[in-house]
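Student: Predicted model and sequence below, questions to follow.
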Amino acid sequence: MDTTNGKAGGATLAACALFLLCLASFGCNGVGAKRAAGQTETSGTVAAFRSETAPTTRVRYGQVDALVTASGSVVAPRLTELGPELSGRLSAVYFNVGDQVAEGDVVLQLDPVPFRIDLQRARAGLALAQAEAAQALQELERVERLAEQEVAPPQELDRQRTQLAVAKARVEQELAAVRSAAEDLTRTAVISPYDAHVVERQLHEGAIVGPGSVVVTIQELSGFAAELDVPAAAAAPVQVGDPAVLIVEGAADPLPSTIAAVNARIDQETRTYRVRVPVPGETPEAKAGAFVRAEIRPRTRDGAVIVERSAVLNRDGRTYVFSAVDGRAEQIEVSVGATGQRWVEIRSGAEAGDALIIGPVIDRLAHGAPIEVTEPPPLEAGRETATSAAVSETSP
């Protein structure tokens, strides 16, 4: 009995000891895991604030060679719709589409017969009015003689004078009617106002036409130009006199030219403004309506403050650069001007000689971020090729 109880007590003590040993082992492992997690978090925090290596460049004086591309269409200097100023029947159209007309050529003709009759009627009315005026003058002279003899009363003299004035006014009225009828007869023939090609014909002989009717459309022979839509956000503003190269649809070679006119208004829908570039020489392919693309080289200011494009960051609709101050990045808002392939004009916010951070690193920088700065290379002299957005440089 005693021996059995002793064995049972020993088994119980052994089970308790095993439980305590497992509990102690679990506690030690938990503390170790927490310490390991803490070390990992600390390492991540340190890594998150690790300094970036930041190459730099210097702001300098130079000239940005910007390139602006635009597209549009070839247009004729003048395009005119021709039609009669009077109502009548169209009796003749002397030219068809593709024909060339000279200034002063009769392009179309209304039936002149009704207008000749109107002129004859006006001339007859003028003759009648002139005869009545002559008779009124004779009657006035007769009454004046009687008045001198005190035979005719003063009232009769006044009446004759009034009749003569009315007769003279009627003569002027009929004379104006003759002039108007003669002018209408002349206007039955519609002439070309300049040397042109007929590019469209809407009506044919026999049609009843009137003011506002378009019979043919003519287009001036020469003086074609390209009308181009330039983005308002282009690399540099386009000005009159800037060189341009036109690539006209179908033309074998590019055509060098210059900007002749710049619209002062920006289209609110397309955010572009229109410029006009003359098409040089005789280019058969440069027909009105042909598609044209242009490469424009805006004239930029020499001696401007410039920096490499890789130093400029566009963020949230604003433009920034980064400088290094006491081992940390300082974000600076700047205003930019002309933009080339490699260089950007700085109008405000940075000065020549300032060292700015360049490269992809600026996309990851924030104001106050720790950085390790590498010194900028010395300024290079000379001018790069135009194809790489040239800049003429001098040391600041």
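Tutor: Arrived safely. Residues are numbered from 1 along each chain as shown.
Student: Which residues does the closest residue to residue 308 other than its chain neighbours form beta bridges with?
Tutor: Using Cβ to Cβ, 6 or more residues apart in numbering and skipping residues adjacent in sequence, the residue nearest residue 308 is residue 57, 5.3 Å away. Any C-beta I mention is one placed from the backbone N, CA and C, and that applies to glycine too. According to DSSP bridges, the partner residues bridging residue 57 are residue 356.
Student: which residues touch residue 57?
Tutor: 307, 308, 310, 311, 355, 356, 358, 376, 377 (Cβ atoms under 8 Å, 6 or more residues apart in numbering).
Student: Output those in JSON lines; the columns should cover distance to residue 367.
Tutor: As requested, these are exported to JSON lines (distance: Cβ to Cβ, whole Å):
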{"residue": "307", "distance to residue 367": "19"}
{"residue": "308", "distance to residue 367": "21"}
{"residue": "310", "distance to residue 367": "19"}
{"residue": "311", "distance to residue 367": "16"}
{"residue": "355", "distance to residue 367": "17"}
{"residue": "356", "distance to residue 367": "14"}
{"residue": "358", "distance to residue 367": "17"}
{"residue": "376", "distance to residue 367": "21"}
{"residue": "377", "distance to residue 367": "26"}
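Student: Name only those of those that count as buried.
Tutor: 307, 308, 310, 311, 355, 356, 358, 376 (16 or more other Cβ atoms under 10 Å).
Student: For the fourth one, give me the backbone phi and psi.
Tutor: In this case it means residue 311. Main-chain torsions, residue 311, degrees, to the nearest 10: phi -100, psi 0.
Student: Need the per-residue pLDDT for it.
Tutor: For residue 311, the pLDDT comes out at 94.
Student: One more: the second one?
Tutor: With respect to pLDDT, residue 308 has a value of 93.
Student: from here on, count from 582
Tutor: Right, with 582 as the first residue, what we last looked at is residue 889.
Student: Contact partners for it?
Tutor: By Cβ under 8 Å, 6+ apart, the contact set of residue 889 is 638, 923, 924, 925, 939.
Student: re the thing from before, would you check how far apart the residue nearest to residue 889 and residue 911 are?
Tutor: 16 Å (Cβ to Cβ, to the nearest Å).
Student: Ok, residue 752 next?
Tutor: Taking Cβ to Cβ as the measure, residue 752 falls 93 Å from residue 911.
Student: who has more neighbours, these two?
Tutor: residue 752 (20 against 16; other Cβ atoms under 10 Å).
Student: buried residues in stretch 696-706?
Tutor: For stretch 696-706, the neighbour count (16+ other Cβ under 10 Å) marks 696, 699, 700, 703, 704, 706 as buried.
Student: Equivalent analysis for stretch 770-787, please.
Tutor: Using 16+ other Cβ under 10 Å as the test for burial, stretch 770-787 gives 771, 773, 777, 778, 779, 780, 782, 784.
Student: circling back: in helices, which of the contacts of residue 889 appear?
Tutor: Assigned to helices by DSSP state H, none of those qualify.
Student: a markdown table please, covering those residues and showing distance to residue 817.
Tutor: Conversion of the contacts of residue 889 to a markdown table gives the following (distance: Cβ to Cβ, whole Å):
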| residue | distance to residue 817 |
| --- | --- |
| 638 | 21 |
| 923 | 14 |
| 924 | 11 |
| 925 | 10 |
| 939 | 22 |
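Student: Need these in a markdown table (columns: pLDDT).
Tutor: Compiled in a markdown table, these are given as follows (pLDDT from 0 to 100):
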| residue | pLDDT |
| --- | --- |
| 638 | 92 |
| 923 | 89 |
| 924 | 91 |
| 925 | 92 |
| 939 | 93 |
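Student: Please name the residues that touch the closest residue to residue 651 other than its chain neighbours.
Tutor: Excluding the flanking residues, the one nearest residue 651 by Cβ to Cβ, 6+ apart is residue 809, at 4.1 Å. By Cβ under 8 Å, 6+ apart, the contact set of residue 809 is 651, 652, 653, 855, 856, 857, 858, 873, 875.
Student: how deep is residue 754 tucked in, by neighbour count?
Tutor: For residue 754, using other Cβ under 10 Å, the count is 12.
Student: Check which helix or strand residue 764 maps to.
Tutor: Using DSSP states H and E, residue 764 falls within helix 735-767.
Student: ok, the helix or strand that that helix is followed by: who's next to it in the sheet?
Tutor: Helices and strands here follow DSSP H and E; after helix 735-767, the next one along the chain is strand 770-772. Using DSSP bridges, strand 770-772 pairs in its sheet with strand 687-691 (antiparallel).
Student: Pull out the buried positions in the partner strand.
Tutor: 688, 689, 690, 691.
Student: Equivalent analysis for stretch 860-869, please.
Tutor: Residues 860, 864, 867, 868, 869 are the ones in stretch 860-869 that count as buried (16+ other Cβ under 10 Å).
Student: Would you mind measuring from residue 952 to residue 910?
Tutor: Applying Cβ to Cβ, the value for residue 952 to residue 910 is 5 Å.
Student: Please read the previous query as pertaining to residue 865.
Tutor: 59 Å.
Student: And the helices in the protein, which stretches?
Tutor: In the chain, the segments counted as helices under DSSP H are 583-629, 694-729, 735-767.
Student: any idea which of the ones you listed scores lowest on pLDDT?
Tutor: When I compare the helices of the chain, helix 583-629 is least confident, with a mean of 43.
Student: The helix holding residue 764: which residues count as buried?
Tutor: Those would be 738, 741, 744-745, 748-749, 751-752, 755-756, 758-759, 762-763, 765-766, for helix 735-767 by 16+ other Cβ under 10 Å.
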